[in-house]
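Visitor: With the sequence up front, the predicted model follows.
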Amino acid sequence: MNEKALVWHRRDLRIDDNPALSEAIAHVGEQGVVLGIFVFDPDILDDGVTEGSKVDFMLGCLRELQANYRRLGSDLLFMHGQPITSICELATSVSASHLFFNQDVEPFAIERDREATLALQKLGIKVQSFIDIGLIAPDAIATQAGEPYKVYTPFWRNWQSKPKPKPFDAPKKLTGLASYENLPTISLPSLRELGFINDINLPKSGEAAALELLISFCDREGILGYKTERDLPAHTGTSALSPHLRFGTVGIRRVWQYAIAAEQRSRSEEESTGITTWQQELAWREFYQHVLFYFPKLATGAYRPQMQNFPWEDDQENFVAWCEGRTGYPIVDAAMRQLNQTGWMHNRCRMIVASFLTKDLMINWQWGEKYFMQKLLDGDLTANNGGWQWSASSGMDPKPLRIFNPASQARKYDPEGEYILRWLPELRGLTIAELLSGNIPPHQCKKRDYPLPIVDHHMQQQKFKKLYQDCKNP
Ligand SMILES: Cc1cc2nc3c(=O)[nH]c(=O)nc-3n(C[C@H](O)[C@H](O)[C@H](O)COP(=O)(O)OP(=O)(O)OC[C@H]3O[C@@H](n4cnc5c(N)ncnc54)[C@H](O)[C@@H]3O)c2cc1C
């Protein structure tokens with residue numbers, strides 16, 4: 001009898017370069033059935049952090065994935081409920097012999113997958129899982145002493161020297177079930193049926209859109225000029241692939257293949273530096289996966305013991321002003337409005353607003369981490385936690401005390417005020433000097449209904465340094 005395999009999609013919403021899908025097809029052979037399954041987990045949907053924009057983006061990816069499954073001859077099925085129970089129920093009702101999935105690195109997901117594997121094995125179903133989220137599995141890289149890395153630069157050196165896997169080809173044909181009647185599945189729910197609304201304009205979702213972005217970034221100027229352009233938030237100097245890497249609408253091996261092809265075409269030192277710099281960002285992504293895998297406690301608090309009891313001020317009003325982009329510091333406010341209005345924020349600005357929340361407003365970085373998770377389409381535990389702990393000086397970084405001056409950051413990275421004015425149109429008409437001074441004249445603020453700075457950067461910086469020293473040497 002022909003075998004039936006389920007492919008459990010979670011953060012890999014694509015058919016191209018998908019190890020679990022390719023291995024399932026290879027296992028059951030041409031006549032065997034391969035079905036995709038995605039489970040809407042109420043514990044994730046109702047966690048109080050997930051917002052409609054993210055769910056809407058995900059639904060777009062799922063719609064396209066289902067269309068791809070159908071085009072190839074099979075189907076992507078949907079269930080709503082506790083994932084382990086749902087998967088077991090479906091596997092039993094279609095008499096599946098195998099379940100294939102791509103591994104995750106988040107502590108919650110690792111535990112869920114371990115339990116799912118046990119439950120399926122009890123039913124006599126064979127389970128196989130694959131490395132997919134990064135090019136190098138988090139436990140396949142270690143220091144010379146065999147320890148996990150805690151510092152990025154030596155991690156990068158080792159990571160860079162390791163051979164990288166090749167992408168898996170997209171399948172050309174699948175075999176589905178003869179009938180889909182009487183299955184415990186549902187049709188793809190709408191955003192409203194899932195209890196959400198979305199009021200932001202989303203970027204294109206799905207794997208075709210991801211490939212388009214990858215090609216346009218790697219085949220044209222983007223990657224070559226990345227070293228200088230990536231820090232200028234007014235420019236389109238980065239790939240904007242992060243939501244796609246988050247939902248797995250593009251495979252990391254495919255991404256790497258395009259980066260290597262660009263490297264082979266590069267003709268100057270500057271161009272090849274651009275490509276290496278981009279590869280280093282992909283390695284940052286895997287560094288944060290690596291550290292969270294080995295130090296899962298990072299997910300719940302500061303890594304550095306002296307920061308675990310830092311006396312954060314946690315002023316609620318200041319937090320709301322930060323969230324709404326009404327702090328009186330234009331670069332901070334522009335960035336927060338970009339986040340609120342698009343679900344994405346430029347990396348330079350993420351560092352600026354994170355430094356401002358923690359060092360200027362002295363608000364616990366975990367409040368910012370949570371707000372980012374709510375709003376970012378690319379919101380990802382590993383990268384978000386890594387970015388916030390780095391900014392708060394609470395992480396593993398060897399040079400911990402970094403305080404960004406918002407005005408000098410704006411002068412350096414947005415020298416014409418172009419980014420600021422894009423998101424804060426009420427400040428149009430000010431001189432560049434006023435805009436970037438960090439101190440807009442009060443009468444100009446009043447006229448424009450723009451707030452005066454809610455704190456004094458220089459005073460707060462001194463205060464933070466003192467508290468930090470006190471914590472370091474109690
Ligand atoms: C406080 C803070 C929070 C962050 N939260 C997230 C998050 O939730 N999800 C997320 O994907 N990134 C996060 N980042 C990292 C970074 O800002 C985004 O990955 C980047 O801005 C995405 O834009 P891009 O796709 O154009 O990146 P590109 O510059 O084109 O980089 C390519 C890819 O590399 C990865 N990458 C780039 N920079 C970093 C980095 N510093 N750390 C880890 N991965 C990186 C991303 O997957 C990105 O898509 C955060 C950074 C900070 C400082």
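Guide: Arrived safely.
Visitor: quick one: residue 263 and residue 275 touch, right?
Guide: Yes. Look at residue 263 against residue 275 with Cβ atoms under 8 Å: they come within range, at 4.9 Å. From N, CA and C alone the C-beta is placed, and that goes for glycine too.
Visitor: which of those two has more neighbours?
Guide: Set side by side, residue 263 and residue 275 give different neighbour counts by other Cβ atoms under 10 Å, the larger being at residue 275 (22 against 17).
Visitor: Which element is encountered next along the chain beyond the strand of greatest length in the chain?
Guide: Ordering each strand of the chain by length in residues (DSSP state E) puts strand 33-40 first. Helices and strands here follow DSSP states H and E; after strand 33-40, the next one along the chain is helix 42-45.
Visitor: now for the longest strand of the chain, which elements pack on it?
Guide: Counting by 3 or more Cβ pairs under 8 Å, 6 or more residues apart in numbering; DSSP states H and E, the packing neighbours recorded for strand 33-40 are strand 4-8, helix 19-28, helix 52-72, strand 76-80, helix 83-93.
Visitor: Give me the angle between the third one and strand 4-8.
Guide: It refers to helix 52-72. 160 degrees (axes from the mean of the first three to the mean of the last three Cα atoms, to 10 degrees).
Visitor: Might you calculate how far helix 52-72 sits from the centre of the chain?
Guide: 18 Å (Cα atoms, centre = their mean, to the nearest Å).
Visitor: check which helix or strand covers residue 222.
Guide: Residue 222 is part of helix 221-224, with elements assigned from DSSP H and E.
Visitor: wait, I meant residue 144
Guide: Here residue 144, judged by DSSP H and E, is contained in no helix and no strand.
Visitor: And the strands in the stretch 151-300 of the chain, which stretches?
Guide: Counting by DSSP state E, counting those that start in this stretch, no segments of the stretch 151-300 of the chain form strands.
Visitor: From the ligand, how far off is residue 30?
Guide: In this view, residue 30 and the ligand are 36 Å apart by Cβ to the nearest ligand atom, to the nearest Å.
Visitor: What of residue 264?
Guide: As judged by Cβ to the nearest ligand atom, residue 264 and the ligand stand 19 Å apart.
Visitor: Burial check on residue 190, number of neighbours?
Guide: Taking other Cβ under 10 Å as the criterion, the count of residues near residue 190 is 10.
Visitor: residues contacting it?
Guide: Contacts for residue 190 (Cβ atoms under 8 Å, 6 or more residues apart in numbering) come out as residue 59.
Visitor: what does the stretch 201-350 of the chain put close to the ligand?
Guide: By Cβ under 6 Å from any ligand atom, the residues of the stretch 201-350 of the chain that approach the ligand are 230, 238-242, 245-246, 281-282, 284-285, 288, 347, 350.
Visitor: Could you pick out the buried ones from those?
Guide: By neighbour count, with 16 or more other Cβ atoms under 10 Å, those hold 230, 238-242, 245-246, 282, 284-285, 288, 347, 350 as buried.
Visitor: Pipe those residues into TSV and attach distance to residue 331 and pLDDT per row.
Guide: Supplementary listing: these in TSV, determined by distance: Cβ to Cβ, whole Å; pLDDT from 0 to 100:
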residue	distance to residue 331	pLDDT
230	17	95
238	17	97
239	22	97
240	20	97
241	24	98
242	21	98
245	26	98
246	25	98
282	27	98
284	22	98
285	25	98
288	25	98
347	14	98
350	12	98
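Visitor: Looking at those, which is nearest residue 145?
Guide: Distance from residue 145 was checked for each of these by Cβ to Cβ. The minimum falls on residue 288, at 21.2 Å.
Visitor: tally of neighbours for the spatially closest residue to that closest one that is not a sequence neighbour?
Guide: Leaving out its chain neighbours, the residue that sits closest to residue 288 by Cβ to Cβ, 6 or more residues apart in numbering is residue 386, at 3.5 Å. For residue 386, the number of neighbouring residues by other Cβ under 10 Å comes to 23.
Visitor: do the same with residue 325
Guide: When counting by other Cβ under 10 Å, one arrives at 22 neighbours for residue 325.
Visitor: what's the answer for residue 274, then?
Guide: Using other Cβ under 10 Å, residue 274 is surrounded by 25 other residues.
Visitor: Contacts only, for it.
Guide: Contact partners of residue 274, counting by Cβ under 8 Å, 6+ apart, are 223, 224, 225, 226, 227, 228, 266.
Visitor: Pick out whichever of the buried ones among the residues of the stretch 201-350 of the chain next to the ligand sits closest to residue 203.
Guide: Closest approach between those and residue 203, by Cβ to Cβ: residue 240, at 7.0 Å.
Visitor: what domains does the record give for this structure?
Guide: Dividing the chain into domains by automatic domain parsing, as the record does, gives the ranges 4-132, 133-165+208-294, 305-472.
Visitor: between those domains, which one is nearest to residue 173?
Guide: Each of the domains of the chain has some distance to residue 173 by Cβ to Cβ; the shortest is domain 4-132, at 5.7 Å.
Visitor: Can you say which helix or strand has the closest residue to the ligand within the chain in it?
Guide: Sorted by distance to the ligand under Cβ to the nearest ligand atom, the residues of the chain start with residue 387, at 2.4 Å. Residue 387 is part of helix 381-392 when elements are defined by DSSP H and E.
Visitor: Following that helix in sequence, what is the next regular element?
Guide: Scanning onward from helix 381-392 (DSSP H and E), the first element met is helix 406-413.
Visitor: Which secondary structure elements does that following helix sit against?
Guide: For helix 406-413, the packing partners by 3+ Cβ pairs under 8 Å, 6+ apart come out as helix 330-342, helix 347-355, helix 432-436.
Visitor: at 10 Å what do you get?
Guide: helix 330-342, helix 347-355, helix 418-423, helix 432-436, helix 457-472 (3 or more Cβ pairs under 10 Å, 6 or more residues apart in numbering; DSSP states H and E).
Visitor: Buried ones in the first one, by neighbour count?
Guide: The one in question is helix 330-342. When burial is assessed from 16+ other Cβ under 10 Å, helix 330-342 yields the following buried residues: 330, 331, 332, 333, 334, 335, 336, 337, 338, 339, 340, 342.
Visitor: so the third one touches residue 351, yeah?
Guide: No. With contacts defined as Cβ atoms under 10 Å, residue 332 does not count as touching residue 351, sitting 11.2 Å away.
Visitor: what residues do these two have in common as contacts?
Guide: 404, 409 (Cβ atoms under 10 Å, 6 or more residues apart in numbering).
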